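*Asks:* how would this look folded up:
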Amino acid sequence: MRNILFSLMIFSWVGIGCAQMEDMHHGEYQHKEKEKLLLSGELKDEVREVEVKAFQYGFSPDPIVVNKGEKLRLKMTSMDVTHGIWIKEYKINVTLPPKETKTIEFIVDKEGEFVLYCSVFCGPGHGHMHGKLIVR
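*Replies:* Residues are numbered from 1 along each chain as shown. Next up, the predicted model:
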């Protein structure tokens, strides 16, 4: 009986250790993958300009990758119905009428990953319409 308990204890301990190692390696992998992402758009007169398409039910490109401290110019176009773009941390909330391009400019002064939400109900998949802004 003692041998069985000892074996179970060792098995559990090894399993926990392996899971922690896997989590650690996964975290390192995610960090390395994030570093590999190319910057979005192009730099024009010290402004990073990115053309973004909104459509049922997503944004393209996704993710948008920029460097902290850059001035970002998003040229947003809705390809089908009225959408919106809401980036809570940057206090951006703009309505995008169909087939119209709106320009949004701001300084990306916060590092991290931020969710872009559609802020206008655009159909049954609206709740799943989001993208990501990665500021590194």
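
*Asks:* The closest residue to Lys68 other than its chain neighbours: neighbour count?
*Replies:* Spatial nearest neighbour of Lys68, excluding adjacent residues (C-beta to C-beta, 6 or more residues apart in numbering): Glu111 at 4.7 Å. Bear in mind the C-beta positions are built from the backbone N, C-alpha and C, glycine included. Number of residues near Glu111 (other C-beta atoms under 10 Å) recorded here: 12.

*Asks:* tell me which residues of whichever strand or helix holds Ile104 are tucked away?
*Replies:* Ile104 is part of strand 101-107 when elements are defined by DSSP states H and E. Within strand 101-107, the residues scored as buried using 16 or more other C-beta atoms under 10 Å are Lys102, Ile104.

*Asks:* Wait, the residue nearest to Lys68 touches Arg136, no?
*Replies:* Yes. Counting by C-beta atoms under 8 Å, Arg136 is a contact partner of Glu111 at 6.5 Å.

*Asks:* overlap in contacts of these two?
*Replies:* Lys68 (C-beta atoms under 8 Å, 6 or more residues apart in numbering).

*Asks:* tell me the mean pLDDT for the strand holding Ile104?
*Replies:* Mean per-residue pLDDT for strand 101-107: 98.
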